[in-house]
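**Student:** sequence unknown, structure follows:
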Ligand SMILES: [Zn+2]
C-alpha cells in the first residue's frame, strides 16, 4: 500500500523557477570572499527575503538528573499563549512587505535525546499540531531543530558528574543511548515513518555542526539556517559537561546562501545543500545600507531572524520587524516575507517543473524506488519497520537514473517508508507494506 506524504504538514509544495545569483564583494554583510557568482539580474533589483526562524522548544524543562518534565504550555491553543499570539492574522497584518504579504514563520521543531527521555521524541512536533490549520492558512513552514545530546558522565570544575551534554562527534562514537549517528537518525526515522513528515529546512541545536554532520545533512536536508558567523564557542576540553559549543568563525558573513565544501562545512564548496546565515545581533544602520546596496545591484539576500519559542515572540519579532521594515523602506529596498524553503528557492537554479512522486513496488526480493524528477539527495531516505515495530534507516543502491533498489535479503522489515525532497523544497513520504517472501 502506498501512502502519500503530507499527512501532517502539506505546505512544502511550492515550486518556483527562478534565476540564480550568488556571492558578493561588499564588506560585513556580503563578506570579503572572492566572488564566485554569476552576474546579477541586469534588469531588476534584488529582493531581501525575511525569514522568521523559530527554534520551537518547550517553555521550561524541569526536573533533576535524567528525569525531566516538559512544560509545553506555550503551545496551548489559547490566544494568551506565546505561539497562538503570533498565529493571529490581525497581528500579522500590522506588518506588510513590498509585495503586500505578511509575516510567515518557520517553526523548527525540536527533537533531542532529552525530549525522548522526558516525553515522546516527537512531543514538540505533536504540540504544534494544535496550530495545524493556522500553519496551513498562513503558509508557514515546519522545519527541524535537532539538539545532538545524550546523558553522560563528564567532568566540570574538577568534579565528576553526570549530565545531559552536547555531543560534538558524528562519526559513530557510542554514548549511553547509542551511537551519535543513530541518536540523530532515531528521530528522523520517527518523523518519516510515524508522522509522514520529511523536513527540508534545518537549524542545528546550539547551532553546532561539524564536517561529518554536514556530510550527513547533504543526503537529507537541502536548506540550513544554522550559520552564525563570527561565533566560535568550541572548547578543546573533551571531558567538560559541554553545551552551547559551535564554530562558524570562518563561515561567509554574507547574507547570501553558500554551498559548503565537504571537507569544511564553513567554506564554499560543491555540496548540493545550501547554508545561510541567521543573525545573532540586529543589523547596524551601516549594515542595512550595505544590504540595500547589495539588493540595488540585483542580488537577492536572506535576512533570517532566529528566536526561541519560549520568548515573547509577538514582542520580540514585532520590535525587530518594525526596525527592519523602517530601514528597508527608507533605503527603497524590496523585501518579502518568506518561509525558510521559499527564501532559499531563488538560489537553487533550475528546479523540477512537476511535483515529486516516489513510486514503490516489490520485485525480485527487493523494493524498487522510482522518482519522477531529480531529487535533492543522491538517494532517498529509507526507513524499515521491523516485525517488532523497531525503526531503522536503510541505504538503497542506485540501479539507474532516479531509480534505487533496497534488497530485502536478511532484513526483518514489515513496512518500508521512503522520503525524498527536491531542491525546490518539496518533500514526500511514501510507504509500502512488505509482502512475505
Ligand atoms: Zn535549540
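**Tutor:** Noted; the coordinates are in hand. No experiment lies behind these values; they were computed from the predicted model shown.

**Student:** give the contact list for the residue in the stretch 51-200 of the chain that the ion sits nearest to.
**Tutor:** The nearest approach of the stretch 51-200 of the chain to the ion comes at residue 55, 4.5 Å away (CB to the ion). Bear in mind the C-beta positions are built from the backbone N, C-alpha and C, glycine included. Taking CB atoms under 8 Å, 6 or more residues apart in numbering as the criterion, residue 55 is in contact with 108, 110, 145, 203, 205, 306-309.

**Student:** could you give me the average pLDDT of the one helix or strand it maps to?
**Tutor:** Assessed by DSSP states H and E, residue 55 sits inside strand 48-56. On average, the pLDDT along strand 48-56 is 98.

**Student:** what's the answer for stretch 64-78, then?
**Tutor:** For stretch 64-78, mean pLDDT is 90.

**Student:** so how far is it off the chain centroid?
**Tutor:** 23 Å (CA atoms, centre = their mean, to the nearest Å).

**Student:** All further residue positions should be reported with the first residue as 475.
**Tutor:** Will do, 475 is the new start, and the previous item becomes stretch 538-552.

**Student:** and for that stretch, what are the contacting residues?
**Tutor:** Applying CB under 8 Å, 6+ apart, the contact partners of stretch 538-552 are 532-537, 555-558, 588-589, 591-593, 597-598, 601-602, 604-605, 625, 636, 638, 783-784.

**Student:** Also stretch 595-603?
**Tutor:** 482, 530-532, 544, 546, 549, 557, 581, 583-585, 589, 594, 609, 616, 660-661, 664-665, 668-669, 671.

**Student:** Drop anything exposed from these.
**Tutor:** 482, 530-532, 544, 546, 549, 557, 581, 583-585, 589, 609, 616, 660-661, 664-665, 668-669, 671 (16 or more other CB atoms under 10 Å).

**Student:** I'd like to know which of these are part of strands.
**Tutor:** 530, 544, 581, 583-585, 616 (DSSP state E).

**Student:** in terms of contact, does residue 619 touch residue 530 like I think?
**Tutor:** Yes: counting by CB atoms under 8 Å, residue 619 does reach residue 530; the two are 6.4 Å apart.

**Student:** Give me the common contacts of these two.
**Tutor:** Common contact partners of residue 619 and residue 530 (CB under 8 Å, 6+ apart): 582-584.

**Student:** can you redo those as JSON lines with distance to residue 875 and pLDDT?
**Tutor:** Below are these laid out as JSON lines (distance: CB to CB, whole Å; pLDDT from 0 to 100):
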{"residue": "582", "distance to residue 875": "33", "pLDDT": "98"}
{"residue": "583", "distance to residue 875": "34", "pLDDT": "98"}
{"residue": "584", "distance to residue 875": "37", "pLDDT": "98"}
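
**Student:** Now do the buried residues in stretch 824-838.
**Tutor:** 825-826, 830, 832, 834, 836.

**Student:** for stretch 626-643, that is, sorry about that
**Tutor:** Those would be 626, 628, 637-643, for stretch 626-643 by 16+ other CB under 10 Å.

**Student:** Tell me which two of the residues you listed sit farthest apart.
**Tutor:** Using CB to CB, the two most remote members of the buried residues of stretch 626-643 are 637 and 643, lying 16.8 Å apart.

**Student:** wait, what's in contact with residue 893?
**Tutor:** Residues near residue 893 by CB under 8 Å, 6+ apart: 479, 666, 672, 854-857, 901-904.

**Student:** Who does the closest residue to the ion within the stretch 725-874 of the chain form a beta bridge with?
**Tutor:** Closest residue of the stretch 725-874 of the chain to the ion, CB to the ion: residue 782 (6.9 Å). Beta-bridge partners for residue 782, by DSSP bridges, are residue 529.

**Student:** any idea how far it is from residue 645?
**Tutor:** Per CB to CB, to the nearest Å, residue 782 is found 29 Å from residue 645.

**Student:** Compare these two (neighbour count), which wins?
**Tutor:** When residue 782 and residue 645 are compared for neighbours, residue 782 comes out ahead with 18 against 11, by other CB atoms under 10 Å.

**Student:** hey, where'd the strands end up in the stretch 575-724 of the chain?
**Tutor:** Using DSSP state E, counting those that start in this stretch, the strands of the stretch 575-724 of the chain run over 579-586, 615-621, 623-630, 633-640, 648-649, 652-653, 675-678, 697-701.

**Student:** Make JSON lines out of the ones you listed and add distance to residue 772.
**Tutor:** Putting the strands of the stretch 575-724 of the chain into JSON lines (distance: least, CB to CB, whole Å) gives the following:
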{"stretch": "strand 579-586", "distance to residue 772": "26"}
{"stretch": "strand 615-621", "distance to residue 772": "27"}
{"stretch": "strand 623-630", "distance to residue 772": "43"}
{"stretch": "strand 633-640", "distance to residue 772": "41"}
{"stretch": "strand 648-649", "distance to residue 772": "48"}
{"stretch": "strand 652-653", "distance to residue 772": "47"}
{"stretch": "strand 675-678", "distance to residue 772": "26"}
{"stretch": "strand 697-701", "distance to residue 772": "22"}
